[in-house]
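*Asks:* Dropping the sequence and predicted coords here.
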Amino acid sequence: MFDDFFIRALIAGLGIALVTGPLGCFVVWRRLSYFGDTLSHSALLGVTIAYSFEINIALSVFLISSVVALILIQLQKKTNLPGDALLGLLAHSSLAVGLVVIGFLTFIRFDIMGLLFGDILAVTTDDLLIIWTGGALILLVLKFIWKPLFASTVNYELAEAEGLNPDRAKAIFTILMAAVIAISIKMVGLLLITGMLIIPAAMARNLSDSPQKMVLFSIIGGLLSVLLGLFSSLEFNTSSGPSIIMAALVLFILSLLNIKQSIKLKN
Amino acid sequence: MSSENSTLVKLNNAGFKQNDKWLVEGVSLTVNKGKIVTLIGPNGSGKSTTAKIALGIYKNIEGSVEKYTNKVGYVPQKISIDWTLPLRVHDFMLLTENIKDDAIDEALNLTGVIHLKNKNLGNLSGGEFQRVLIARAISKKPELLVLDEPVQGVDYTGEIALYELIKRISDTLNCGILLISHDLHTVMTATDHVVCLNGHVCCSGTPMDVAKNNEYKTLFGEQASQILSVYEHKHDHVHSDKGEIKKN
């Protein structure tokens, strides 16, 4: 049944949505949108390295994104530059390095559009394996660090004072971010991965009054976005990434209507 | 002080430096089970810093901290919670530990905010939130309770009730309390040991010792010293908020 490219794309997309849902909530809560962008920009470099040395794309992207995340943490400690400047610095310089390296790789034909915006034709059976095992691992680790990570998201000092070791949770979460970008890059494209993390979570925020509900709605929103997006991608022959993100946007707009109604009810 | 095994946290000549400026230095103090230690001192004297050293929030400190418990409840002085988080009081109570529902209800009852259990944290008033903070800290039945100006923003009657509650918790749970308070009356009625800070320990001892100390007098003024001295006698009355005297 995995023979059909569309079935493979669906299974891949649904696997990704299951992971980006909960992780995206933390991205929204911890205000990490631009951190996600930085990691995904650096993913281009990971892709080019994968092509150069003929290693697995997800693995290479994961390694490069993790390195960039570590560099960021070091720069934050050692310089006085504001966080957003450091993020911009790393995002654009790693993107630039990636593009220059592509220029040198004249012997390889690149589908730049597919890289930037995702390509449902590119998903192989191996990719499915990576997405589902990688995704399951990510969710397992996230469940394990949930308490300290969430507590320190609410208030760092409370978590630290009451012995939850928030620094370790934060470091692990950073690795998880790199991992989710690695498994979703082929499908969503490196320019739009952050959208997949943020938009379903933002939609879920509009509908929830507790963290658990927000995670649940975020997952459901992500799954629906993938379904809607992929079917319209097939129908209108558009790139998979933008189609999925547009579907997420539509869901977000619908969730705004819900806010309006609840405000009316209150008044 | 009592025997070693009742010690919960001990600071040995501890200090913390930020941007080459000492926030506090040379602090030695011990919090034992069932005892209340109060830090007093003017603004910027290093009270909150000392509490954070004791809690292990500050890592690169001078001196040393010996902590003998991991069951800690903390009410910080300032807490910046991102109100965009969907967080009800009930979720907040479970923040650092999974507590049974009846323990949550009990704690919220004790601080008088059980009716807010399913309210969004962002919709609480300052005083209500402070009561929730205290409830959260005590609901996990900690061995060490660190309270940094726990009743700020709480109404007058609530303030008294909460201090009574704190005293009662110290007795019933037999937990040690490190308290920071500006209210010298409270300090005198509830405290076993007072540490007066002004960037360093300016004096410490029982409330009476501190009241008689000359450094304390110069720091807080003659009037504050009198407030403390008043408490040398046993209480036989309380003052209502209109100033009338009620016999006990």
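*Replies:* Cool, got the structure. As the structure is a computational prediction, the values presented were derived from the model and not from experiment.

*Asks:* Run through who's touching the longest helix belonging to chain B.
*Replies:* The longest helix of chain B (DSSP state H) is helix B:156-172. Contact partners of helix B:156-172, identified using C-beta atoms under 8 Å, 6 or more residues apart in numbering or on different chains, comprise B:34-36, B:110-112, B:127, B:131, B:134, B:138, B:145, B:147, B:150-151, B:154, B:175-177, B:179, B:183, B:186, B:189-190, B:241. From N, CA and C alone the C-beta is placed, and that goes for glycine too.

*Asks:* rerun that using 6 Å as the cut-off
*Replies:* B:36, B:110, B:138, B:151, B:177, B:186, B:190, B:241 (C-beta atoms under 6 Å, 6 or more residues apart in numbering or on different chains).

*Asks:* from those, which ones fall inside strands?
*Replies:* B:36, B:177 (DSSP state E).

*Asks:* where's the dip in pLDDT among the contacts of helix B:156-172?
*Replies:* pLDDT is lowest at B:Asp241 among those; the value there is 56.

*Asks:* A:Phe173 belongs to a helix?
*Replies:* Yes: counting by DSSP: H, G, I helix; E, B strand; the rest coil, A:Phe173 is part of a helix.

*Asks:* Just give me the neighbour total for the closest residue to it other than its chain neighbours.
*Replies:* The shortest distance from A:Phe173 to any non-neighbouring residue, by C-beta to C-beta, 6 or more residues apart in numbering or on different chains, is to A:Leu149 (5.7 Å). Neighbour count of A:Leu149, defined by other C-beta atoms under 10 Å in any protein chain shown: 22.

*Asks:* Please identify the buried residues of the strand or helix carrying A:Leu149?
*Replies:* Taking DSSP states H and E as the criterion, A:Leu149 maps to helix A:125-154. Applying a neighbour-count criterion of 16 or more other C-beta atoms under 10 Å in any protein chain shown, the buried positions in helix A:125-154 are A:127-128, A:130-132, A:134-135, A:138-139, A:142, A:145, A:147-154.

*Asks:* wait, does whichever helix or strand comes after that helix contact chain B?
*Replies:* The first helix or strand that comes after helix A:125-154 along the chain, using DSSP H and E, is helix A:156-161. Yes: using C-beta under 6 Å from any C-beta of the partner chain, helix A:156-161 comes into contact with chain B via A:157-158, A:160-161.

*Asks:* Neighbour-wise, which one of those leads?
*Replies:* A:Leu158 (27 neighbours).

*Asks:* Quick check: pLDDT value at that one.
*Replies:* Predicted confidence (pLDDT) for A:Leu158: 92.

*Asks:* quick one, what contacts it?
*Replies:* Contacts of A:Leu158 by C-beta under 6 Å, 6+ apart are B:Tyr74.

*Asks:* Looks to me like B:Ser28 is in a strand.
*Replies:* Yes: remark: B:Ser28 belongs to a strand, assigned using three-state DSSP.

*Asks:* Count the neighbours of B:Asn98 for me.
*Replies:* 7.

*Asks:* hang on, isn't B:Ile61 packed against B:Lys17?
*Replies:* No: between B:Ile61 and B:Lys17 there is no contact under C-beta atoms under 6 Å: 8.5 Å.

*Asks:* Look at these two and report which has more neighbours.
*Replies:* Under the criterion of other C-beta under 10 Å, the comparison of B:Ile61 against B:Lys17 puts B:Ile61 first, with 19 against 14.

*Asks:* I'd like the distance from the residue nearest to that one when sequence neighbours are not counted to A:Asn206, if you could.
*Replies:* If the residues on either side of it in the chain are set aside, B:Ile61 comes closest to B:Phe16, at 5.1 Å by C-beta to C-beta, 6+ apart. With distances taken as C-beta to C-beta, to the nearest Å, B:Phe16 is found 42 Å from A:Asn206.

*Asks:* Can you pull the residues of chain A lying near chain B?
*Replies:* A:29, A:151, A:154-155, A:157-158, A:160-164, A:208-210, A:214.

*Asks:* what's the burial count for the one residue in the stretch 1-150 of chain A that gets nearest to chain B?
*Replies:* In the stretch 1-150 of chain A, no residue comes nearer to chain B than A:Trp29, which is 5.6 Å away by C-beta to the nearest C-beta. Neighbour count of A:Trp29, defined by other C-beta under 10 Å: 21.

*Asks:* Tell me where the model's unsure across chain A.
*Replies:* Residues of chain A meeting the criterion pLDDT under 70: A:1-3, A:259-267.

*Asks:* And the helices in chain B?
*Replies:* Applying DSSP H to chain B gives helices spanning B:47-55, B:89-93, B:101-110, B:126-139, B:156-172, B:184-190, B:207-212, B:214-220, B:222-230.

*Asks:* for the shortest one, which positions count as buried?
*Replies:* Neighbour counts over helix B:89-93 (16+ other C-beta under 10 Å) mark B:89-93 as buried.

*Asks:* Which of the helices and strands in chain B ranks last by mean pLDDT?
*Replies:* strand B:237-239 (a mean of 53; mean pLDDT, DSSP states H and E).

*Asks:* near chain A, which residues of chain B show up?
*Replies:* Counting by C-beta under 6 Å from any C-beta, chain B sits next to chain A at B:55, B:57, B:70, B:72, B:74, B:76, B:79, B:81, B:85-86, B:88, B:91, B:95-96.

*Asks:* again, only using 8 Å
*Replies:* B:52, B:55-57, B:70, B:72-74, B:76, B:79-82, B:84-88, B:90-92, B:95-97, B:120, B:140, B:146 (C-beta under 8 Å from any C-beta of the partner chain).

*Asks:* Got a quick PyMOL command for the buried subset of the residues you listed?
*Replies:* A single PyMOL command selects the buried members of these (16+ other C-beta under 10 Å):
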select buried, chain B and resi 52+55+56+57+72+73+74+76+85+86+87+88+90+91+92+95+96+97+120+140+146
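
*Asks:* Just the ones in strands from the residues of chain B next to chain A, please.
*Replies:* Short answer: the residues of chain B next to chain A in strands (DSSP E) are B:72-74, B:146.

*Asks:* Out of those residues, flag the one nearest to chain A.
*Replies:* Of those, the one sitting nearest to chain A (C-beta to the nearest C-beta) turns out to be B:Tyr74, at 4.0 Å.
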